[in-house]
Each structure stands twice: as structure tokens, then as C-alpha cells.
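**Q** sequence first, predicted coordinates after that:
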Amino acid sequence: MRENSAKITVMSRSENESFVRAAVSAFVSQLDPTLEELADIKTAVSEAVTNSIVHGYAEKKGDIMIDIYIKDDKVKITVTDNGCGIADVKEAMQPLFTTNTDGERSGMGFTVMETFMDNISVNSIVDVGTKVTMEKTIGLRTL
Amino acid sequence: MRENSAKITVMSRSENESFVRAAVSAFVSQLDPTLEELADIKTAVSEAVTNSIVHGYAEKKGDIMIDIYIKDDKVKITVTDNGCGIADVKEAMQPLFTTNTDGERSGMGFTVMETFMDNISVNSIVDVGTKVTMEKTIGLRTL
Amino acid sequence: MGEIKRFLRDDGIIKVSRRLKEIAQKAKITKEILEKELNREAKLSEIAERIGELPSDLAVALEANVAPESLYREFND
Ligand SMILES: Nc1ncnc2c1ncn2[C@@H]1O[C@H](COP(=O)(O)OP(=O)(O)O)[C@@H](O)[C@H]1O
Ligand SMILES: Nc1ncnc2c1ncn2[C@@H]1O[C@H](COP(=O)(O)OP(=O)(O)O)[C@@H](O)[C@H]1O
Ligand SMILES: [Mg+2]
Ligand SMILES: [Mg+2]
């Protein structure tokens, strides 16, 4: 019955994406995941943090909060920003949906999070911010 | 003129010492230190975090906050707890001084921090908490 | 045996703890080699590049390989 948590706060700068990935890895390593499980978590967290940087804060700067909570063999991660928020979350989560018009974004961020984590939920209020909650059980895969 | 910061909050559990070391390393990697410089920083941070766990909170549990700030080639790290505090900071910082009586502690924690970092300062209020501030310039050392 | 090894090499079953130790060991060797080549201390980024890791990931891997007593060893050195 192990239980532990950590909170990380960084500025919305692209350099901090690799830091957050590494720090989340270090914390989740307590559960001794496989390389694949860890890669899944890092990829999902990257997508959420990137969204906070490029959509949530866009040109502005602000803080991104990453909460990691582990209990037994489960990890729960929330990525929160105080950015512009999302008007229609359901629409935003559709595969290929993007508000990015310069063609740099694929619209697959939420789909990637859903694919690599057991479940995700998104809470957002326009002009207040966005919180993405993701959960994954470690050690589910059988031979 | 690079400037960046991160904040990490963990519960006062000994398992989190290794996580804090890893997370601090990951953030400081932005300054491209040598492995020795990285080890110096980790050692100093370990001593401060251990102090918060074993002295600051003793049997109780509480949060430990680690702030990392980098600017140019300098890193500043603060380790803060809301623990019991230190009545006489000057005395506590003397080499070999310890309030630990079971002989497990060497009384060399602050001396280690002073040795491995360029400078440290300690602010503490009894029953409020303790904040240790440490600074180091990366790239000073030559062969 | 060969099959088992191939199977174990699949990312799906290798534990992170083992991989981190491997990276840390590779980094220590690479550091020695690089420092002979460069005739100075190697930077984290130089070692990371040589072994194909991100500096931040290498920093985390180096922590995974630290035995608890090394703190005191470092101090006594
Ligand atoms: N943190 C956020 N703040 C504001 N808007 C967001 C945030 N995350 C996602 N969005 C919105 O949801 C859309 C879909 O996100 P995503 O699936 O990651 O695709 P992409 O990032 O490629 O556009 C984004 O285009 C954006 O409009
Ligand atoms: N965060 C803290 N909270 C309360 N007391 C502390 C804290 N850090 C240090 N101290 C006091 O300072 C003393 C000296 O600390 P240190 O040099 O690390 O030696 P040691 O931990 O081996 O006793 C401790 O014994 C303790 O009384
Ligand atoms: Mg996206
Ligand atoms: Mg101490």
C-alpha cells in the first residue's frame, strides 16, 4: 500500500518540456514500470504540457503545474495551466481537431493521451485555465 | 541571458530524497554542468532535504519545497520546510554540531553544503520553519 | 536462450530500473574516454550526445545508479 505524491511548477517555456518529462519519469520510476509504460507516460505528459505552452499561454508566459500521485500500482498525473481555456472541450478532444492554422499541429494531442493512458479527463474554463487528468495502471500488460 | 525556474514540492519521506536529487539534476542540466558539478549540487541538496525530513519534521509529515532558479551560469536552490525551525542557526552550522543524540548524524550537513556550493545561507524561525539557500556557478572549475 | 534474450530486449518487458543503470554505466565509461580525448572535464551534454540520450534523461539516469553510501564516500575522498 504505497502512496506518494509530488508537485512540479515550471514556466511555460519549451525548454521545460524535457525537464518535466525527466522529472515525471524519475517520480514514476518508484513503480518500476517497463520502458514502454514509461515512454507512454512521458509521451502523454509531453502532449499536455505542449498544449499548455502553445495553446493555453500562446504568446504569453505563465506557470504550468504538474501533480503526480501514485498509489499501489496506479499513477495519476494532472497538468494544469491558467491560460486561455477551451470553449468546447468535447470538440477539442476529437481526433484531428485543432485551432492551429499554420499547419504545425496535427490535432492528435488528446488522442495520443487517450491512447497511451488508461483514461484522461479535461476540465477547462475560458480565460481561467485548463486541467488535464490522466491515469495509468503499471504492470497491466501480461506476457 | 538565460533565466528559468522550477518549483518542486514533495512530502517529507525518505523515498523522495532520491526523486528530488534526480529532478534537480534534470533542471540543472540546462546549464550543462560536468558530472562532478552535478554530483556536488546533488550532495548539497540531499543534505538540506534530509535535514528537513529528520530534524524539521522529525516524526511528523509535511511538505518540502525546492525552488531552483537559473540565470546565466548560476544556479540558486532553496529548500524550505514548515518544520520545527532552528533556535540558534549560527551554532547549528558549526562543524560537528548536532542535536541528534543516537549517534546516527555526523553534524556535518551544513559543512557539506558549504563545501560543495559557492555559498549557503540559512533562515529559520522556531515552530515556523527553515529555508536553506544555496548558490553555485557552473563552469568555474578548470583542470 | 536466444529467443528469451530477444524477448527480454523488447521494450515491453525491460524494467526502467535496469535501463537506467545501463545508461549510468555507459555514461561513466564514456566520460573517461571523452576526457582523454578532450583533455578536460566532459560536459553533461557531451556525454549525453555520445550515448544518444537527452541531458535531462541522462541526469535522471545518473541518480538511479547511486548507492546510498556513496554520499559519504564522496565526502571522505
Ligand atoms: N491547455 C490548453 N489550453 C487551451 N486550449 C487547448 C489546450 N489544450 C488543447 N487545447 C485546444 O484543443 C485543441 C486540440 O488539442 P490537441 O488534440 O493537442 O491538438 P493540437 O495541439 O495539435 O491542436 C487545440 O488545437 C486547442 O484549441
Ligand atoms: N531543516 C531543519 N529543521 C530543524 N533543525 C535543523 C534543520 N536543519 C538542521 N537543523 C539543526 O541543525 C543541526 C545541524 O545540522 P547538520 O549540520 O546537517 O548536522 P546533522 O544533520 O548531522 O545533525 C541539526 O542537528 C539540527 O539540530
Ligand atoms: Mg496538442
Ligand atoms: Mg544533516
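**A** Okay, I see it. Ligands and ions are numbered 1, 2, ... in the order given.

**Q** which residues are in contact with A:Gly109?
**A** If a contact means C-beta atoms under 8 Å, 6 or more residues apart in numbering or on different chains, then A:Gly109 has A:47-48, A:50-51 as its contacts. Glycine gets a C-beta too; all of them are placed from N, C-alpha and C.

**Q** go with 6 Å
**A** Listed by C-beta atoms under 6 Å, 6 or more residues apart in numbering or on different chains, the contact partners of A:Gly109 are A:47, A:51.

**Q** repeat for A:Pro33
**A** Residues near A:Pro33 by C-beta under 6 Å, 6+ apart: A:138, C:16.

**Q** for it, grab phi and psi.
**A** For A:Pro33, the backbone dihedrals (degrees, to the nearest 10) come out as phi -70, psi 170.

**Q** pLDDT wise, what is it at?
**A** At A:Pro33 the predicted local distance difference test score is 93.

**Q** which parts of stretch C:13-22 are buried?
**A** C:16, C:19-20 (16 or more other C-beta atoms under 10 Å in any protein chain shown).

**Q** report the helix or strand with the lowest average pLDDT across chain C.
**A** The weakest-scoring helix or strand in chain C, judged by mean pLDDT, DSSP states H and E, is helix C:70-76 (a mean of 38).

**Q** residue contacts, A:Val132?
**A** Shown in contact with A:Val132 (C-beta under 6 Å, 6+ apart): A:48, A:79, A:122.

**Q** save those residues as a markdown table, and put in pLDDT, secondary structure and neighbour count too.
**A** Below are the contacts of A:Val132 laid out as a markdown table (pLDDT from 0 to 100; DSSP: H, G, I helix; E, B strand; the rest coil; neighbours: other C-beta atoms under 10 Å in any protein chain shown):
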| residue | pLDDT | secondary structure | neighbour count |
| --- | --- | --- | --- |
| A:Ala48 | 98 | helix | 30 |
| A:Val79 | 98 | strand | 27 |
| A:Val122 | 98 | strand | 18 |
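
**Q** which one of those sits closest to ligand 3?
**A** Distances from the contacts of A:Val132 to ligand 3 were compared by C-beta to the ion; the smallest belongs to A:Ala48, at 8.2 Å.

**Q** shouldn't the closest one be in contact with A:Val79?
**A** Yes - the pair A:Ala48 and A:Val79 passes the contact test of C-beta atoms under 6 Å, sitting 3.8 Å apart.

**Q** so what's A:Arg2 scoring on pLDDT?
**A** Looking at A:Arg2, the pLDDT reads 80.

**Q** over to C:Arg19?
**A** Looking at C:Arg19, its pLDDT is 89.

**Q** what is the helix or strand containing it packed up against?
**A** Following DSSP states H and E, the helix or strand that holds C:Arg19 is helix C:16-38. With contacts defined as 3 or more C-beta pairs under 6 Å, 6 or more residues apart in numbering or on different chains; DSSP states H and E, the packing partners of helix C:16-38 are helix A:35-51, helix C:44-51, helix C:55-64.

**Q** quick check: angle from it to helix A:35-51?
**A** Here helix C:16-38 runs at an angle of 80 degrees relative to helix A:35-51 (axes from the mean of the first three to the mean of the last three C-alpha atoms, to 10 degrees).

**Q** so which residue of chain A comes closest to chain C?
**A** A:Ala22 (3.9 Å; C-beta to the nearest C-beta).

**Q** show me what contacts that residue?
**A** B:26, C:56-57, C:60.

**Q** list buried residues within the residues you listed.
**A** For these, burial is judged from neighbour counts taken by 16+ other C-beta under 10 Å, and it is met by B:26, C:56-57, C:60.

**Q** switch the contacts of A:Ala22 over to a markdown table; also include distance to ligand 3.
**A** Written out in a markdown table, the entries for the contacts of A:Ala22 read as follows (distance: C-beta to the ion, whole Å):
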| residue | distance to ligand 3 |
| --- | --- |
| B:Ala26 | 23 |
| C:Ser56 | 21 |
| C:Asp57 | 22 |
| C:Val60 | 24 |
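
**Q** before we move on, the earlier item: now for the buried ones among the contacts of A:Ala22: which two are most distant?
**A** Taking C-beta to C-beta as the measure, the buried ones among the contacts of A:Ala22 reach their widest spread between B:Ala26 and C:Asp57, a distance of 7.8 Å.

**Q** just give me the neighbour total for C:Ile29.
**A** The number of residues packed near C:Ile29 is 11, by other C-beta atoms under 10 Å in any protein chain shown.

**Q** same question for the one 3 residues further on.
**A** Taking other C-beta under 10 Å as the criterion, the count of residues near C:Glu32 is 10.

**Q** same question, A:Thr101
**A** Residue neighbour count, defined by other C-beta under 10 Å, stands at 7 for A:Thr101.

**Q** now do A:Gly85
**A** As a burial measure, the neighbour count of A:Gly85 was computed by other C-beta under 10 Å and equals 17.
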